[in-house]
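In: After the sequence you'll find the predicted model.
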Amino acid sequence: LVSGFIGLWSIYGFSANDIYAVGQNSDHSSAMIHFDGSNWKRVSLPSVGGLLTSIYGTSSNSVWAGGVNTLYHFNGTKWQRDSVLVSIPLNSFFQFTSFAKYNTGLYAVGFTIINNGLSENHYFFKQINSNFSAIDSAINTARSDYGLVLWGSPEGNLYGGDIGISKYNGSTWTNILQANNPIIDIYGTSDNNIFVTGNRVVYHYNGKDWKDITGKLSNNRTSLYTGVWTNGTEAFIVEQPLTGWPQKTVIWHGK
């Protein structure tokens, strides 16, 4: 167990004994913990950042963690603070929400609040010369195709999540799952084994159809399921119940 308040929002790993989870402390500063196969321990970060809502690595020596006006990178030796290269409207903020590898590139999505909170501007980024550059953006009137969460499959396909899941072919997005609530995370081991978590729901795709598996974790339909990671044998899912006191973050571990 890790002492002190930690609200977790995202989880990612490279093996069953090398897993990260990120979120916020009680003062809304960046929080990160690491699992070594036996215990969860806090990770010391180089500077105070905001809420972390996404973590992803192309290898155990290159890991990105992003959130509210905050971006960190791990180079295999130490964590460093990076720049958020986005024009942020006055009295607003920018938030990285997801990273994914697609073909040979690294992609990300995020958003800013605009029009005094009446709408959002969604961004679709590609890493170019070590910086994340926006290659598409959309004002959230009808919600963007790529949404706020990405996952790249080993087969080379890119998936995006919003109110459902869409698949990217390099130029256009096609909806493959329609959901009733916002999607928060996507992860899998192949195009035939995909987990999707969101507001009050968890889905699994077995290569043929999507199934709601929320009841296998909890009958609590008032939870946010904010993160998922699997290696094909084991799966970790982060749950944040929205009712009851004291509130707590739960990590479900399934085999």
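Out: Yep, that arrived.
In: alpha carbons only for contacts and neighbour counts from here, please
Out: OK.
In: and Leu106, how far is that from Phe125?
Out: As judged by Cα to Cα, to the nearest Å, Leu106 and Phe125 stand 8 Å apart.
In: And Gly76, by the same measure?
Out: For Gly76, the distance to Phe125 - Cα to Cα - is 24 Å.
In: Also Asn103?
Out: Separation of Asn103 from Phe125 (Cα to Cα): 14 Å.
In: Give me the more crowded residue out of those two.
Out: More crowded of Asn103 and Phe125, by other Cα atoms under 10 Å: Phe125, with 20 against 15.
In: hang on, the more buried one packs against Tyr146?
Out: No - counting by Cα atoms under 8 Å, Phe125 does not reach Tyr146; the two are 10.6 Å apart.
In: Just confirm Gly232 contacts Thr189, I think it does.
Out: Yes - at 5.9 Å, Gly232 and Thr189 qualify as touching, with contact defined as Cα under 8 Å.
In: Settle it for me: which of those two has more neighbours?
Out: The neighbour comparison of Gly232 against Thr189 (other Cα under 10 Å) goes to Thr189, with 17 against 12.
In: Could you measure from that one over to Lys211?
Out: Separation of Thr189 from Lys211 (Cα to Cα): 17 Å.
In: Any stretches of the stretch 1-150 of the chain with poor pLDDT?
Out: 1-5, 85, 89, 115-118, 140-144 (pLDDT under 70).
In: at 90 instead, please
Out: Along the stretch 1-150 of the chain, segments meeting pLDDT under 90 span 1-12, 16, 25-28, 47-48, 58, 69, 82-97, 103-105, 110-149.
In: Just the strands from it, written as ranges.
Out: 7-15, 18-24, 30-35, 40-42, 52-59, 62-67, 70-74, 79-81, 94-102, 105-114, 119-128, 131-139, 149-152 (DSSP state E, counting those that start in this stretch).
In: Please apply the same query to the stretch 151-255 of the chain.
Out: Going by DSSP E, counting those that start in this stretch, the stretch 151-255 of the chain shows strands at 158-162, 164-168, 173-178, 183-190, 193-198, 201-205, 210-212, 223-230, 235-241, 250-254.
In: now those strands as TSV including mean pLDDT?
Out: Shown next, in TSV, are the strands of the stretch 151-255 of the chain (pLDDT from 0 to 100):
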stretch	mean pLDDT
strand 158-162	91
strand 164-168	90
strand 173-178	89
strand 183-190	92
strand 193-198	95
strand 201-205	94
strand 210-212	94
strand 223-230	89
strand 235-241	88
strand 250-254	88
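In: need those strands in a markdown table with distance to Phe99, can you?
Out: Shown next, in a markdown table, are these (distance: least, Cα to Cα, whole Å):
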| stretch | distance to Phe99 |
| --- | --- |
| strand 158-162 | 10 |
| strand 164-168 | 15 |
| strand 173-178 | 17 |
| strand 183-190 | 11 |
| strand 193-198 | 15 |
| strand 201-205 | 20 |
| strand 210-212 | 23 |
| strand 223-230 | 13 |
| strand 235-241 | 18 |
| strand 250-254 | 21 |
